[in-house]
Structure formats: C-alpha cells, structure tokens
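Asks: Got a predicted structure here, sequence first:
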Amino acid sequence: MSYIPPHKRHSKDPNRASPVPVSLVTKFKNNHDFKSTNDKFNRVTCSENFISKWLIVGSNGIKDELPASVDLVPFSSDSAECRNGERPLVLMNNDFNKASEQEERAQWLLIAEKVEEDLVLAYERDKTSIEENQHVLRLVARFGKILLYKRKPGPLAEIFSKKNLNKMFSTDVPTSNLQHIMSNVVPNHGFSIDLTKETYTVKVSHNTRPTETINCKCTLKEDGRLSMYKAELNVVRHLVVDMSCIDKSVDMRLMLAAKRKMTALTEKEISDIKELLDSATVDPNVKGGLRWPFGKASSGDGYRIFEVCHVRATIYKNQTLRLRVRETDRFNERTGTGAVKREVTLILKDVNTKLQEQNIERSRVLEMLRDAFGTIWDFMHCDTSRA
C-alpha cells in the first residue's frame, strides 16, 4: 500500500461534535452585518454594503465591459487551479497600436477619478460598524492576475461577456515583475527594510459555522512546535476594484478590508485550537510545510484544519507606504490542492489614515489617489522583454 501523507488523509470519525461554544456564538452574532460566500475554492466575508467593480485598463482607455480589442486565452501558469477540467482564461490585448509611455501613464492616472467616489462611499457607509466592532481598516493594492472561468461550457465566442465568466484574483507575481520591483521600485521610492519574518498560518473552522475561519498566526518554538501569537477572524471586505491591465504582464486589485481580532477566546476554545496546533509537525517536504498524524487534523469539539500556509515575508516602508513581499507555500485541506506563490502587496497607509478623518475635502482625496496610482504605475511598468 502506497504511503499517503498525513495532511492529505481525512478522518472518518463518526462521533458528532459538541455544540459550538457560547462565546464563539456571541462573537459571530456581534458581526451580524456581514455576509459570507463559501465554496470549495474560496471563503470570503463581505460587508452588507460591499462594493465590487471590474475595470478593463489599457492605453485606449478604461472600460467597464470587455472591449473588442481583447481576446480570452488559456492561462498556462502551474499555480492556477483547473475547474471542471479546464484551465482558467486571461485577457490578452490584440490591438497592437501601442501608445507612448506618457500616454499610458496619463490613462492610468484617470483610474483615480474612476474609484474616488466608491472609495469614499465605502469608508462612509461602514464607519459605524467599524467603530462598534473595533475593526482595523486597511487599504491595499495587490498585484497578480485576474483569472476567468467559464460559467457554462461552450465556445469562447459565445461566452465573451462578464456575465458568463467567474472571476478570481491570483496573487502570484512573475519573476520578471518581482525583479523589477526589487531592483527599481524599492530604491527609487525610498523603501527600507522594516522587518523580516517567517510564520505559519493555520486556518481553522468550526463545523457549526462553516463559512467562518479563524486564522491562527504562529511562529516556531525552539522544540519545533507551533506557538500561536495571534488569532483573527477572516477579514471583512468593504470594497474591491479589480483592474485587468491588458497592456501589462500583471493585473491589480484595490481592496479596502477590515481586520477582525479575536480577543475574547475562552480557555476551552484556546485549548481546543492549541490541541490541533500541538499535533502539527513541521515538514518542508509537504505542501504548506505542516503535517498532522492520521485523524488529528480535527478536534472532538468540531474544529477542523481548513488551510495551512508557510510564509517567508520581508516588509519595507517609506514615509507613506508599506510594502510586503513574501513567498507563500499554501495547502487547502478541502480541495487537496496547494501552490507556492510570490506575492507583492502595497499598503496605502497614508491614504487610509486620511480617508478616515472627518470632513476631508474631496479635492484632497483625488490628489492623494493620483499620487498613489502614480506610485502603483511604477510597480506595473515592467518591460518583460528586458527581464
């Protein structure tokens, strides 16, 4: 019989789990103004006033619908998941009338005007909820690729519209873009290293709340066991603007989300989660870097490992921004899939702070966004032919 790695095995314990702890129910009820989506690929929590947009950005302008100048082509990266036996699709520009760099940059800065109203609205709508729940807002720009999956089978010509496509944002950044960022953008924008860290994130869910995830942030102790230093609920998204940058090798996502700390875990809850973490063994030869003995990836009280991720991160900072560059080795227990990715996230610290101030002038908001998108342009502007 061939060996099956422990983290790929599934417990068949027939015993029913005990009810969810009362304190956990209370914490979830306090967050009643959130809605979750849950499938075997993603777990996402959004506010009731969640705003979502998808823009097609090119040298010829910013479009809300798929223009005739783009094609849908299969995406060949090994990090992309197949669904229903088919590889994802990406947008490719078939218009070879390239604009100059100055014209491209001018078009790019117009995005600030496109997102300004929605961004201000997102801050204003959810202000009360954020204050009452003591959430921490964060505005970020993520780089990667927008992957598209057909909602129904059929020729591409028949599904060429947004309504016929499911969209997913992959955070994997090509090596050429990462080299451009490290060699050019970091020194040119005055970034310096703030800290480096190596952590493990173990995502845990309870069987009575399958759409909620507890993110257990861990470091390694001297004996090689995990030590949890922070527990958070999955973030709440308030705004997501995805931008398919058809003239570039990467796309971008602008996201406003709130981090939710779990500060009132009972001793019993901590004990149940700690039991799961203590049974993990570090193993660099398995996806996610952690494995569990057979049947130990779940507890008798209903907690189960949902996903594990080994992270090596370097954080850079300048006066107004933070930059997180990290390598992630992730394994999803439910889908049995994993991937190693290089991820780049720009944290718009100064813009986020200013937008939470009272009565900020709209002209000032637009000015800040233009400055931010000017910096983001430098991240995007990578000549891959020279990389």
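Replies: Looks like it arrived, so ask away. None of these values were measured; they are calculated from a predicted model.
Asks: Flag every buried residue along stretch 122-142.
Replies: Neighbour-count burial for stretch 122-142 flags 122-123, 125-126, 129-130, 133, 135, 137-142 (criterion: 16 or more other C-beta atoms under 10 Å). Using the backbone N, CA and C atoms, a C-beta is placed for each residue, glycine as well.
Asks: distance between the ends of that stretch?
Replies: Stretch 122-142 has an end-to-end distance of 18 Å (C-alpha to C-alpha, to the nearest Å).
Asks: Now do the buried residues in the strand or helix carrying E124.
Replies: Using DSSP states H and E, E124 maps to helix 111-125. By 16+ other C-beta under 10 Å, the buried positions in helix 111-125 come out as 111-112, 114-116, 118-120, 122-123, 125.
Asks: Check stretch 262-271 too.
Replies: 262, 265, 269.
Asks: In strands, which of the buried residues of stretch 122-142 fall?
Replies: Secondary structure from DSSP state E places 137-142 of the buried residues of stretch 122-142 in strands.
Asks: any chance of those residues in CSV, plus distance to Y303 and pLDDT?
Replies: Below are those laid out as CSV (distance: C-beta to C-beta, whole Å; pLDDT from 0 to 100):
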residue, distance to Y303, pLDDT
L137, 29, 93
R138, 27, 95
L139, 32, 97
V140, 29, 98
A141, 34, 98
R142, 29, 98
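Asks: which of those sit farthest apart?
Replies: The distance between the two most remote of these (C-beta to C-beta) is 15.9 Å, for L137 and R142.
Asks: ok, K203 - how many residues close by?
Replies: When neighbours are defined as other C-beta atoms under 10 Å, K203 has 19 of them.
Asks: partners of it in the sheet?
Replies: With DSSP bridges as the criterion, K203 is bridged to N215, E307.
Asks: What separation is there between it and L147?
Replies: Separation of K203 from L147 (C-beta to C-beta, to the nearest Å): 21 Å.
Asks: show me where the stretch 51-200 of the chain has helices.
Replies: For the stretch 51-200 of the chain, helices defined by DSSP state H, counting those that start in this stretch occupy the ranges 101-109, 111-125, 127-133, 175-180, 186-188.
Asks: worst average pLDDT in those helices?
Replies: Comparing mean pLDDT over those, the weakest stretch is helix 127-133, at a mean of 75.
Asks: Okay, now the unreliable bits of the stretch 151-300 of the chain?
Replies: Residues of the stretch 151-300 of the chain meeting the criterion pLDDT under 70: 152-163, 263-264, 300.
Asks: And the strands in it?
Replies: 165-170, 192-206, 209-220, 226-245, 251-261, 281-282, 290-291 (DSSP state E, counting those that start in this stretch).
Asks: Out of these, which is closest to C46?
Replies: strand 226-245 (4.8 Å).
Asks: Give the pairing partners of that closest one; include direction for each.
Replies: Sheet pairing here is set by DSSP bridges, and for strand 226-245 it gives strand 43-58 (parallel), strand 209-220 (antiparallel), strand 251-261 (antiparallel).
Asks: ok and the first one relative to helix 101-109, angle-wise?
Replies: An angle of 140 degrees separates the directions of strand 43-58 and helix 101-109 when computed by axes from the mean of the first three to the mean of the last three C-alpha atoms, to 10 degrees.
Asks: gap between strand 43-58 and the chain center?
Replies: 12 Å (C-alpha atoms, centre = their mean, to the nearest Å).
Asks: repeat for the second one
Replies: Taking the mean of its C-alpha atoms, strand 209-220 sits 15 Å from the chain's own mean (C-alpha atoms, centre = their mean).
Asks: how many degrees apart are it and strand 192-206 in direction?
Replies: Using the same axes, to 10 degrees: strand 209-220 against strand 192-206 is 140 degrees.
Asks: in strand 209-220, what counts as buried?
Replies: By 16+ other C-beta under 10 Å, the buried positions in strand 209-220 come out as 212-218.
Asks: And stretch 225-237, by the same measure?
Replies: Within stretch 225-237, the residues that count as buried by 16+ other C-beta under 10 Å are 226, 228, 231-237.
Asks: what does that stretch rub up against?
Replies: Residues outside stretch 225-237 that contact it (C-beta atoms under 8 Å, 6 or more residues apart in numbering): 27, 31, 34, 43-47, 50, 135, 200, 202, 212-221, 255-262, 265, 273-274, 277-278, 280, 290.
Asks: I'd like to know how far the residue nearest the centre of the chain sits from F143.
Replies: By C-alpha atoms, centre = their mean, the mean C-alpha position of the chain lies nearest to T171, the distance being 6.9 Å. According to C-beta to C-beta, T171 stands 8 Å off from F143.
Asks: intersection of neighbour lists for these two?
Replies: Contact criterion C-beta under 8 Å, 6+ apart; residues shared by T171 and F143: T345.
Asks: on that earlier part again, dump the ones in strands among the buried residues of stretch 122-142 to CSV, plus distance to F373.
Replies: Below are these laid out as CSV (distance: C-beta to C-beta, whole Å):
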residue, distance to F373
L137, 19
R138, 18
L139, 12
V140, 14
A141, 9
R142, 14
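Asks: Check those residues against E357 and report the nearest one.
Replies: Nearest to E357 among these: L137, at 12.3 Å, using C-beta to C-beta.
Asks: separation between the closest one and M252?
Replies: 19 Å.
Asks: Regarding the protein, what is its longest helix?
Replies: What stands out as the longest helix in the chain, according to DSSP state H, is helix 362-380.
Asks: Bridge partners for V73, pull those for me.
Replies: V90.
Asks: show me what contacts the residue nearest to C216 when sequence neighbours are not counted?
Replies: What sits nearest to C216 in space, not counting adjacent residues and going by C-beta to C-beta, 6 or more residues apart in numbering, is V202, at 4.5 Å. Each residue near V202 by C-beta under 8 Å, 6+ apart is listed here: 215-216, 218, 226, 276-277, 280, 290, 305, 307-308.
Asks: and what of E101?
Replies: Contacts of E101 (C-beta under 8 Å, 6+ apart): H381.
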